[in-house]
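Enquirer: here is my input, please return the structure:
(chains A, B, C and D)
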There are 2 protein chains.
Amino acid sequence: MAKNADACDELGTGSAKITAATKIFDTARDLFYRRGIRAVGVDEIVCEAGVTKPSLYRAFKSKDELVAACLRESAREGQEEIEVAVAKAGSEPRARLDALLHHFADKLRQPDFRGCAMNNVAIELSEPGHPGRVVIEGCKTEMRSTIVQLTKELGVANAEGLADGLLLVIEGAISTHHVFGSQGPAHSMMATCDALIEAHLR
Amino acid sequence: MAKNADACDELGTGSAKITAATKIFDTARDLFYRRGIRAVGVDEIVCEAGVTKPSLYRAFKSKDELVAACLRESAREGQEEIEVAVAKAGSEPRARLDALLHHFADKLRQPDFRGCAMNNVAIELSEPGHPGRVVIEGCKTEMRSTIVQLTKELGVANAEGLADGLLLVIEGAISTHHVFGSQGPAHSMMATCDALIEAHLR
DNA sequence: AGAATGTTACTGACCGGTACGTCACTTGCG
DNA sequence: CGCAAGTGACGTACCGGTCAGTAACATTCT
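Expert: Numbering: from 1, shown residues only, chains lettered A, B, ... in the order given. Below is the predicted model:
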């Protein structure tokens, strides 16, 4: 009873015990991100993790639930990183907004970057009822409101407009990265955001 | 010999003969776009098209080649639409650039819009050697240079920078559409592009 | 006649998912 | 103490179904 709650709780409480469930979880998250959900079968996950299939199904109700669990962790991790980056920038509004933008610019430059896990899965999982989709929508909505909050601190007249504009540029950089890599249009992300902010500050 | 060339040539020359190959091609293109490459099997394609599996493999060497053929047609169609829209706008540089932007804004509003076929497949097909990937890269590179050409006509100092900025906004609108729909941040696409153009015109 | 298509049946690999046996370790009890 | 029963974690072996792809042959249309 309450099978997959175990695996999630362990991660939440920070217990570092290496169980079959955690090995499966970590392996699946890596494989799903690198190669996609549908391209990775459960056999490959358990093989790579060095465990067996029943261990997967004892910890997670189904492959879909494993996907959702991986997405939840990715979302939590991503949001935490943003919070830390912004908090570290202090209290000056422009510095806080810049910190968020630099955070994404840094991620784009990482050699193993392969797009936003949420976006990738959203494209791959078109079925509306999939448990992973609610995670994705929640994550993206929270990110949007985070940016709105930062632009409101800036004191511009149209904070929502600027926030959505910046979000489009960030998401565009992530999207074009799949085809052009980090040296393509994504390279213009920071300059474009700066121009947008300056335009709204007038 | 040269199996799948037939199906492509027929489409290229505009011959409207309804063959098993064209039915397969049209059905596959629709299903691939709506549901994704990996989510659609060859059995479903031939069933939906009202033909049989051997007919598919008589016209196309493999499923991957069918995918590549569909992408080629999507790329050609998309580029033609852009050319037509820009040409219709006349010779005034700003009007021509606006025509391109409005073209994408219109596509985003269509109820059956499900993102850019190229981007979606690029995410789903991470294997570098896939025949579809060269189509995607060619299409996106051409689109990028089209925008650069239009911004150069505008006479701004940093034409490439503006072009990449606009590309990021467009791609961002397409990307966010998967999660937020047309009424999310994508709704700010035109206003953001305008702000960017004005900033570069100063 | 001959080209295009359909029919049927099949392959081997892989898919997500499960019934059941095994092992180590704890717990209760005389 | 000693020993059996219980408990949880794990693996072996398997299920039915679906995947992409093919061979051989019959049918239809022009």
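
Enquirer: please report phi then psi for the residue in chain A positioned nearest to DNA strand C.
Expert: In chain A, the residue that lies nearest DNA strand C is residue A:41 (2.8 Å; Cβ to the nearest atom of the strand). Heads up, the C-betas are built off the backbone N, CA and C, glycines and all. The main-chain torsion angles of residue A:41 are listed as degrees, to the nearest 10 and equal phi -90, psi 160.

Enquirer: relative to chain B, how far out is it?
Expert: 11 Å (Cβ to the nearest Cβ, to the nearest Å).

Enquirer: okay, now that residue: neighbour count?
Expert: Residue A:41 has 11 neighbours, counted by other Cβ atoms under 10 Å in any protein chain shown.

Enquirer: same thing with residue A:43?
Expert: 11.

Enquirer: ok, the closest residue to it other than its chain neighbours - contacts?
Expert: Closest residue to residue A:43 apart from its sequence neighbours, by Cβ to Cβ, 6 or more residues apart in numbering or on different chains: residue A:53 at 7.0 Å. For residue A:53, the contact set (Cβ atoms under 8 Å, 6 or more residues apart in numbering or on different chains) comprises A:42, A:43, A:46.

Enquirer: from what I can see the last one touches residue A:57, true?
Expert: No: between residue A:46 and residue A:57 no contact is recorded; they are 9.8 Å apart, counting by Cβ atoms under 8 Å.

Enquirer: which of the two has more residues huddled nearby?
Expert: Taking other Cβ under 10 Å, residue A:46 and residue A:57 do not tie; residue A:46 has more neighbours (21 against 18).

Enquirer: measure residue A:59 to residue A:42 for me?
Expert: 12 Å (Cβ to Cβ, to the nearest Å).

Enquirer: more crowded one of the two?
Expert: The neighbour count for residue A:59 versus residue A:42, taken as other Cβ under 10 Å, is higher for residue A:59 (25 against 16).

Enquirer: which pLDDT value goes with the more buried one?
Expert: For residue A:59, the model assigns a pLDDT of 94.

Enquirer: could you do residue A:21 as well?
Expert: On the pLDDT scale, residue A:21 gets 89.

Enquirer: now it: which helix or strand?
Expert: Assigning secondary structure by DSSP states H and E places residue A:21 in helix A:20-35.

Enquirer: is that helix anywhere near DNA strand C?
Expert: No: on the criterion Cβ under 7 Å from any atom of the strand, helix A:20-35 is out of touch with DNA strand C, staying 10.6 Å away.

Enquirer: mind listing what's buried in that helix?
Expert: By 16 or more other Cβ atoms under 10 Å in any protein chain shown, the buried positions in helix A:20-35 come out as A:20-33.

Enquirer: next: stretch A:182-190.
Expert: A:182, A:184, A:185, A:186, A:187, A:188, A:189, A:190.

Enquirer: report the angle between the lengthiest helix in chain A and helix A:20-35.
Expert: Of all the segments of type helix in chain A, defined by DSSP state H, the longest one is helix A:63-88. Orientation note: helix A:63-88 sits at an angle of 80 degrees relative to helix A:20-35 (axes from the mean of the first three to the mean of the last three Cα atoms, to 10 degrees).

Enquirer: ok, and does helix A:63-88 reach over to DNA strand C?
Expert: Yes: judged by Cβ under 7 Å from any atom of the strand, helix A:63-88 comes into contact with DNA strand C through A:63, A:64.

Enquirer: what residues does chain A put near DNA strand C?
Expert: A:40, A:41, A:42, A:43, A:44, A:53, A:54, A:56, A:57, A:62, A:63, A:64.

Enquirer: can you tell me the helix or strand for the fourth one?
Expert: Secondary structure assignment for residue A:43, by DSSP H and E: helix A:42-49.

Enquirer: report the distance from that helix to the chain centre.
Expert: Relative to its parent chain, helix A:42-49 has a centroid offset of 23 Å by Cα atoms, centre = their mean, to the nearest Å.

Enquirer: what of stretch A:105-121?
Expert: 8 Å.

Enquirer: would you mark the buried spots in it?
Expert: The neighbour-count check on stretch A:105-121 (16+ other Cβ under 10 Å) flags A:105, A:107, A:108, A:113, A:114, A:115, A:116, A:117, A:118, A:119, A:120, A:121 as buried.

Enquirer: closest one of the residues you listed to residue A:140?
Expert: residue A:118 (6.2 Å; Cβ to Cβ).

Enquirer: hang on, isn't that closest one packed against residue A:141?
Expert: No: under the criterion of Cβ under 8 Å, residue A:118 makes no contact with residue A:141, lying 10.9 Å away.

Enquirer: low-scoring stretches of chain A, by residue?
Expert: Scanning chain A with the threshold set as pLDDT under 70 gives A:1-16.

Enquirer: can you show me the helices along it?
Expert: Using DSSP H, helices in chain A cover A:5-13, A:20-35, A:42-49, A:53-59, A:63-88, A:93-109, A:117-124, A:131-154, A:159-180, A:189-201.
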